[in-house]
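Peer 1: Predicted model follows, preceded by the sequence.
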Amino acid sequence: MTIQLLYFARLREVLGCESEYLDASATPWDVAGLLAHLRSRGGAWAVELAVDKVFRVAVNQELANQGTPIPSGAEVAIFPPVTGG
């Protein structure tokens, strides 16, 4: 199972990448599991994706919550909330 991760705005800058593919075949994934895996990389990953940080996750272009399953081949976007006026 491979998923495509997309990072936007400050996350793209701080993490130093705009996208990557992740081999997630070892375990069934949901948003919470994915975020825990990314945080385990340490450094900026742990800081920017910490539980107390504000950001959004979309799975296949639909806003997701912690329990949202991530199917094989999914596109997962992680981005800060957008404000405007």
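Peer 2: Received, thanks. Residues are numbered from 1 along each chain as shown.
Peer 1: Report the contact partners of the residue lying closest to residue 23 once chain neighbours are set aside.
Peer 2: Once flanking residues are discounted, residue 23 sits nearest to residue 2: 5.7 Å by C-beta to C-beta, 6 or more residues apart in numbering. Glycine gets a C-beta too; all of them are placed from N, C-alpha and C. Residue 2 sits next to 21-25, 72-73 when contact means C-beta atoms under 8 Å, 6 or more residues apart in numbering.
Peer 1: List the ones among those residues that fall in strands.
Peer 2: Secondary structure assignment (DSSP state E) places 21-23 from the contacts of residue 2 within strands.
Peer 1: quick one: which of those residues has the most company?
Peer 2: The member of these that has the most neighbours, counting by other C-beta atoms under 10 Å, is residue 22 with 16 neighbours.
Peer 1: How about it: what's its closest non-neighbour residue?
Peer 2: Nearest residue to residue 22 in three dimensions, chain neighbours excluded: residue 3, at 5.3 Å (C-beta to C-beta, 6+ apart).
Peer 1: what do you get for residue 75?
Peer 2: residue 4 (4.9 Å).
Peer 1: so which helix or strand takes in that neighbour?
Peer 2: Assigned by DSSP states H and E, residue 4 belongs to strand 2-7.
Peer 1: Pull the number of nearby residues for residue 82.
Peer 2: When neighbours are counted by other C-beta under 10 Å, residue 82 comes out with 8.
Peer 1: By residue count, tell me the biggest helix in this structure.
Peer 2: Among the segments of the chain that qualify as a helix by DSSP state H, the longest is helix 31-39.
Peer 1: tell me the angle of that one relative to strand 2-7?
Peer 2: 70 degrees (axes from the mean of the first three to the mean of the last three C-alpha atoms, to 10 degrees).
Peer 1: Alright, that wraps it up for me.
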